[in-house]
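Engineer: Make a model of this:
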Amino acid sequence: MPVRRLDNIMNTVGELSQLKASISQIADRLRIEMGSKGIAVELSKIDKNLEKRLKELQDNMIEVRMVPVNQLFDKLMRVIRKLSREIGKEVELITSGGDTELDKLIIEDLADPLMHIIRNAIDHGIETPAEREKAGKARAGAIVLKAYQKGNHVAIEVEDDGAGMNMEVIRKKAVDGMFVDEAASHALSKQEVLEFIFLPGFSTKKEVSEVSGRGVGMDVVKKNISRISGAIDIDTEQGTGTRIVLTLPITLAIIQALIITAGARKYAIPQFFYRGTAARREGEMYGVVVGLAESLLCILVDSIVEQQDIVIKSLGKLLKVTGIAGATDIGDMGTFLVVDVAGIVTAATRGASKRAA
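Structural biologist: Numbering: from 1, shown residues only. The predicted model follows:
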């Protein structure tokens, strides 16, 4: 069944979940008014049974949407063979965790970013056979593509044993491009220097390549990963290689969210991220701890209302707002904006880097 049809069915399931939430609220009010007797007890039993059946339906729907990442790995293997022949490099692809499953829609949106990451690894990272032999390496470079489940999300790693990234070259390019001044650039950590790679227009390549120089930079890769509520992290060692880790939600079809208030507005914060809440004293605020990959952030909110299953609906390109992933309708509670945790974490960490500089 086409995934778009599954989306329509899942939207209906999400709306049923919201109706079920309304029934729960009515059942709770009846118990308060009537006590545990009569129609209050009957409605409470129906509510519990409906909750169980809806959970089964949601799980089955999500299972139908899931596909193994091997489908993507096989496609990438063909690309690697073609590119390595084109530029005269010997490259071996090693894969693991191909049976790890992801939502079909996420797999589709992941193809282009992964393709660009692998093009970069072959073009920028893996050396020529002669250069590798001179450095004491095997003639054939290795790209390791690995997938594994990590809590409520999936991690996909792309690691090469190539030349790695030169931190000094990146720092100087950042200064030349006026992304940071010379004095401040020397105080940046390794991770803060690597953040420049994700800025629009940033490149360390002197010449445009037929392989990776096609107008799509790592800023677009990060934007595409963020669009599916994912995160991207880089670790590199000059002369040894580079490892890029993508952290992705298993599905975006229907997710658990925390309903919170900030000022006069209510928002939904998705929980496929690590989160915890701290009790507050009078005059204080709640802190919702959200995490993405290796980054943790505390979002201050006025109150925590409840936990809800939600279906995220797009606001469309014309209504794209930084920090907002979309909207969700929760029956009697109304329509809420859904917080883009990935975007907020990225903006906050980038802002911290600038302040440090």
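
Engineer: helix or strand right after the helix or strand of the chain with the lowest mean pLDDT?
Structural biologist: The least trusted helix or strand in the chain, going by mean pLDDT, DSSP states H and E, turns out to be strand 275-277, with a mean of 45. Scanning forward in sequence from strand 275-277 by DSSP states H and E, the next helix or strand is strand 286-292.

Engineer: how far is that next one from where the chain is centred?
Structural biologist: Using CA atoms, centre = their mean, to the nearest Å, the mean C-alpha position of strand 286-292 is found 16 Å from that of the whole chain.

Engineer: what bits of the stretch 1-150 of the chain have low per-residue confidence?
Structural biologist: Applying pLDDT under 70 to the stretch 1-150 of the chain flags the ranges 1-4.

Engineer: where exactly do the strands run in the stretch 201-350 of the chain?
Structural biologist: With DSSP state E, counting those that start in this stretch as the criterion, the stretch 201-350 of the chain has strands at 231-237, 241-249, 255-262, 265-270, 275-277, 286-292, 295-301, 303-310, 324-329, 335-339.

Engineer: right, I mislabeled it, should have said the stretch 51-200 of the chain
Structural biologist: Counting by DSSP E, counting those that start in this stretch, one finds strands in the stretch 51-200 of the chain at the ranges 66-68, 91-96, 101-103, 141-150, 153-160.

Engineer: Which one of the ones you listed lies nearest to Thr328?
Structural biologist: Thr328 lies closest to strand 101-103 among these, at 17.4 Å (CB to CB). (Glycine included, C-beta is placed from N, CA and C.)

Engineer: List the buried residues in that closest one.
Structural biologist: 101-103 (16 or more other CB atoms under 10 Å).

Engineer: Which residues does that strand contact?
Structural biologist: In this structure, residues lying in contact with strand 101-103 by CB atoms under 8 Å, 6 or more residues apart in numbering are 62, 65-69, 110, 154, 248-253.

Engineer: Now with 6 Å, please.
Structural biologist: With contact meaning CB atoms under 6 Å, 6 or more residues apart in numbering, strand 101-103 is reached by 65-66, 68-69, 154, 251.

Engineer: ok, back up a step: would you turn the strands of the stretch 201-350 of the chain into TSV with mean neighbour count and distance to Arg81?
Structural biologist: Compiled in TSV, the strands of the stretch 201-350 of the chain are given as follows (neighbours: other CB atoms under 10 Å; distance: least, CB to CB, whole Å):
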stretch	mean neighbour count	distance to Arg81
strand 231-237	19	25
strand 241-249	22	20
strand 255-262	19	37
strand 265-270	20	38
strand 275-277	14	42
strand 286-292	19	33
strand 295-301	17	35
strand 303-310	16	42
strand 324-329	20	37
strand 335-339	19	41
